[in-house]
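**Q** got a predicted model here, sequence first, then my questions.
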Amino acid sequence: MNPENSWLRKILQVVPEIKAGIGKGIVIAALYEGIKIIPIIIIKHIIDYFVTNQSNTVQLIYFIGGVLLAYVVLEIIDYFSEKASFKWTIRYETTLLRKAKKKLLELHLGYHESFNTGAQVSKITKGTHKLTELVYFTFEEFIPTTIQLVITLSLLFYEQWVLALLFALFTPLILLVTLHASKKVQPYRKKYHQKYDEAVGELGESLLNITTVKDYVQEQRQFRKFNVLLGEYIANAQKRWEIGSSIFLWRNLLISIGRVLTLAVAAYLVLKGTLSAGSLVLVYTLTERAFLATQRIGRLYNYLGDAMESINRLTSLLQEQAEVKNYPGALSVSKLQGQVEFKDLTFSYSSGNPVLSAVNLGIKPRQIVALVGRSGSGKTTMAKLVLRNYDVAQGAVLVDGKNIKQYKIEDYKKRIAVVSQNVEIFNRTALENILFANPLATKRQAIAAAKKAHAHEFILGFSQGYDTLVGEKGVRLSGGQKQRISIARALLKNPDIYIFDEATSSLDTESEQYIQKSIFSIAGKKTTIIIAHRLSTIRKADLIVVMDKGKIVEQGTYDELWQKQGAFWKMIQLQKVVELRE
Ligand code: ADP
Ligand code: MG
């Protein structure tokens, strides 16, 4: 049975920690099942004792004492094995969660950008739950039942090989029906898991974008969409259940026929005098146990199929490889000069059209470079590539003369700070949000950075100052406040290269001017790439790079570009009107 093989292999691959437990589980189960069979054998002897009219009461007491002793030992083993599997399951579950979180954190940004957050969370929680449940079942059901079947059948062969043979004829039939059922329900199984993930993904998305949902009064539609997905989930689950249970009806019927048949044959053998009454009871009990064990294994197999869908999703996540990673012999860096070069760089997101093509750009250490250009022209992408959020296949980004792939990622990224277009704020205090850049910094340093970023005043205005919780995704902050916190964060990091990606776009003109002062106060000390629209910002840059449709169309100083009267000049003409109006 291949699926079982791959199931075990898969689990072992993902969590090799359970290997140790399996050996122990088999020993405990063998002990348990071995003792469990004792009372059944004793009962045969008790019956035969009465049938043959013996009068040795001491023997009878021994028999009953033996049953009692077996039960007591069984209960004790059961207690310890339950305790162990409980402890074990919890440990296993947390190990899985830990692995999932670690994996998610290490995966490159491109991976995350292509997945829905809610669906990811559902994948992890459901997969972990199912995998843990499966391990629990493996220890508490699958291993014991298999051992039980082996013990029972051995005893049956020993007692009455004819009946054992009869049973042996039925088993393959039962297993075949089980396999058939599993195959038949597979498509529905797959689909209902998919729909469930989609529904949870939808739920997550509504929550992540709750403000927009509310602003556009889309609650009803969001709910309907969710309901449609749940409806499809139910339909597929039901279909799966219907098909499964109708096949299982046949399986159970088969089992019943088998049981009655063995009983009939056993009765015949008693009549013929080849079987004692006690043996009849024993043999019947044994065949019944064997049939039930087969049925249970079948049910487990079916459960396995269900769980496998969820588990596969989780394991494929855990086996996902980060595309951006350290290469062997990666260089440690503690400081960068800050020379940045784009060399014949062409880049596209996951096999789409090139977003940047044949970009060549040299930035000297401590230069201030302004990237300008229409929205969608590839400016943010350039920033992401400097930060090595993606690896480029064609061309390269060089820093201090070396391809950035040669540096140790952690070291390298520590030397760069980005204030991105979409500021991310954690549901922690204002102080913690600033300290995120450098948890080892002191509060005083954080405040100094906040002052430079012009964030100090508004933070002090909060009821609890720096200890105020700013809310998930910073919902309690205005766009400009978020940007200022993000700038403080970047300043606190004290890197060698700064990237400001439309960092002041949500600010009023006055705050912007203040912040520009801070930004330009680091100018001449650190390499600074500024993506901006405002003329006042751009004018101060050492180098202006004009982007259009993923290409650099012009670069030079303000005066050079102004005199050229090209793309930049045209842009300024348009913008001037805008700035005058402001
Ligand atoms: P800009 O910052 O100049 O406005 P971007 O660099 O953000 O431009 O985007 C350049 C192009 O790349 C756009 O066409 C955008 O649709 C596309 N793009 C940006 N991010 C992604 C992504 N994660 N996956 C696919 N395409 C993307
Ligand atoms: Mg952008």
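**A** Sure thing, it's come through. Numbers count the residues shown, from 1 in each chain. Ligands and ions are numbered 1, 2, ... in the order given.

**Q** near ligand 1, which residues of the stretch 101-250 of the chain?
**A** Glu113 (Cβ under 6 Å from any ligand atom). Using the backbone N, CA and C atoms, a C-beta is placed for each residue, glycine as well.

**Q** likewise the chain?
**A** 113, 349, 352, 355, 373, 375-381.

**Q** try it again at 5 Å.
**A** With the criterion set to Cβ under 5 Å from any ligand atom, the chain comes near ligand 1 through 113, 349, 355, 375-381.

**Q** ok, those vs Glu472, which is closest?
**A** Nearest to Glu472 among these, counting by Cβ to Cβ, is Glu113 at 20.4 Å.

**Q** please report how far the nearest residue to that closest one once chain neighbours are set aside lies from Met382.
**A** Once flanking residues are discounted, Glu113 sits nearest to Tyr349: 7.9 Å by Cβ to Cβ, 6 or more residues apart in numbering. Computed as Cβ to Cβ, to the nearest Å, the Tyr349 to Met382 distance reads 13 Å.

**Q** same check, this time on Leu398
**A** Distance from Leu398 to Met382, by Cβ to Cβ: 14 Å.

**Q** so what sits against both of these two?
**A** By Cβ atoms under 8 Å, 6 or more residues apart in numbering, Leu398 and Met382 have these common neighbours: Phe342.

**Q** which one of these two is surrounded by more residues?
**A** A count of neighbours by other Cβ atoms under 10 Å puts Met382 above the other of Leu398 and Met382, at 28 against 18.

**Q** which other residues reach stretch 348-359?
**A** So stretch 348-359 is contacted by 110, 113-114, 342, 344-347, 378, 381-382, 385, 390, 395, 550-552 (Cβ under 8 Å, 6+ apart).

**Q** out of those residues, which end up buried?
**A** 110, 342, 345, 347, 378, 381-382, 385, 390, 395, 550, 552 (16 or more other Cβ atoms under 10 Å).

**Q** tell me which of the residues you listed fall in strands.
**A** Among the buried ones among the contacts of stretch 348-359, DSSP state E puts 342, 345, 347, 395, 552 in strands.

**Q** now the residue nearest to the third one when sequence neighbours are not counted: how far from Gln406?
**A** Spelled out, that is Phe347. Distance criterion Cβ to Cβ, 6+ apart; nearest residue to Phe347, sequence neighbours excluded, is Leu356 at 4.5 Å. For Leu356, the distance to Gln406 equals 21 Å [Cβ to Cβ].

**Q** pick out whichever of these two has more residues nearby.
**A** Counted by other Cβ under 10 Å, Leu356 and Gln406 do not tie: Leu356 has more neighbours, with 24 against 16.

**Q** mind checking how far the residue in the stretch 51-200 of the chain positioned nearest to ligand 1 is from Lys103?
**A** Nearest residue of the stretch 51-200 of the chain to ligand 1: Glu113, at 4.1 Å (Cβ to the nearest ligand atom). Glu113 sits 16 Å away from Lys103, taking Cβ to Cβ as the criterion.

**Q** one more: Lys525?
**A** From Lys525 to Lys103 the distance is 38 Å (Cβ to Cβ).

**Q** same check on Ala266?
**A** Taken as Cβ to Cβ, the span from Ala266 to Lys103 is 56 Å.

**Q** what about the two, which has more around it?
**A** Between Ala266 and Lys103, counting by other Cβ under 10 Å, Ala266 is the more crowded of the two (22 against 18).

**Q** isn't the more buried one right up against Leu282?
**A** No - Ala266 lies out of contact with Leu282 (Cβ atoms under 8 Å); the separation is 9.6 Å.

**Q** thinking again about what came up before, quick one: which of the residues of the chain next to ligand 1 sit in helices?
**A** Among those, the ones falling in helices (DSSP state H) are 113, 379-381.

**Q** so which of those comes closest to Ser256?
**A** So of those, ranked by how close each gets to Ser256 (Cβ to Cβ), first place is Glu113, at 55.9 Å.

**Q** could you check how far that closest one is from Ser350?
**A** For Glu113 relative to Ser350 (Cβ to Cβ), the value is 9 Å.

**Q** what do you get for Ile434?
**A** 34 Å.

**Q** show me which of these two is the more surrounded one.
**A** Ranked by neighbour count (other Cβ under 10 Å), Ile434 and Ser350 place Ile434 first, with 29 against 9.

**Q** state the helix or strand in which the more buried one lies.
**A** Using DSSP states H and E, Ile434 sits in helix 430-435.

**Q** quick one: mean pLDDT for the helix or strand just after that helix?
**A** Of the helices and strands lying after helix 430-435 in sequence (DSSP H and E), the nearest is helix 443-452. Across helix 443-452, pLDDT averages out at 94.

**Q** contact partners of the next helix or strand after helix 443-452?
**A** Next helix or strand after helix 443-452 toward the C-terminus (DSSP H and E): helix 456-460. By Cβ under 8 Å, 6+ apart, the surrounding residues in contact with helix 456-460 are 430, 447, 450, 465-466, 468, 481, 484.

**Q** closest to ligand 1 among those?
**A** Nearest member of those to ligand 1, counting by Cβ to the nearest ligand atom, is Arg484, at 20.9 Å.

**Q** immediately after the helix or strand where the closest one lies, which helix or strand?
**A** Assigned by DSSP H and E, Arg484 belongs to helix 479-493. Sequence-wise, the next helix or strand downstream of helix 479-493 (DSSP H and E) is strand 497-501.

**Q** so what are the sheet partners of that following strand and their directions?
**A** strand 416-419 (parallel), strand 527-531 (parallel) (DSSP bridges).

**Q** avg pLDDT for that strand?
**A** Strand 497-501 comes out at a mean pLDDT of 93.

**Q** only the buried residues of the following helix or strand past it, if you could.
**A** The C-terminal neighbour of strand 497-501 among helices and strands, as given by DSSP H and E, is helix 509-521. By neighbour count with 16+ other Cβ under 10 Å, helix 509-521 contains the buried residues 511-512, 514-516, 518-519.

**Q** angle of the helix holding Arg484 against strand 497-501?
**A** 170 degrees (axes from the mean of the first three to the mean of the last three Cα atoms, to 10 degrees).

**Q** what is the orientation angle of helix 479-493 with helix 443-452?
**A** 130 degrees.

**Q** what is the mean pLDDT for helix 479-493?
**A** For helix 479-493, the mean confidence score works out to 90.

**Q** in PDB, list the C-alpha atoms belonging to that helix.
**A** Provided in PDB are the C-alpha atoms of helix 479-493 (Å, rounded to 0.1, in the frame of the first residue of the first chain):
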ATOM      1  CA  GLY A 479      -0.500  58.000   7.500                       C
ATOM      2  CA  GLY A 480       2.000  60.700   8.300                       C
ATOM      3  CA  GLN A 481       2.500  59.500  11.800                       C
ATOM      4  CA  LYS A 482       3.200  56.000  10.600                       C
ATOM      5  CA  GLN A 483       5.700  57.400   8.200                       C
ATOM      6  CA  ARG A 484       7.400  59.300  10.900                       C
ATOM      7  CA  ILE A 485       7.700  56.300  13.100                       C
ATOM      8  CA  SER A 486       9.100  54.400  10.300                       C
ATOM      9  CA  ILE A 487      11.700  57.100   9.600                       C
ATOM     10  CA  ALA A 488      12.600  57.100  13.300                       C
ATOM     11  CA  ARG A 489      13.000  53.300  13.100                       C
ATOM     12  CA  ALA A 490      15.300  53.700  10.100                       C
ATOM     13  CA  LEU A 491      17.400  56.400  11.700                       C
ATOM     14  CA  LEU A 492      17.800  54.300  14.900                       C
ATOM     15  CA  LYS A 493      19.200  51.500  12.800                       C
END
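
**Q** what's it packed up against?
**A** Packing contacts for helix 479-493, counted by 3 or more Cβ pairs under 8 Å, 6 or more residues apart in numbering; DSSP states H and E, involve strand 416-419, helix 430-435, helix 443-452, strand 497-501, helix 509-521.

**Q** cool, thanks, signing off.
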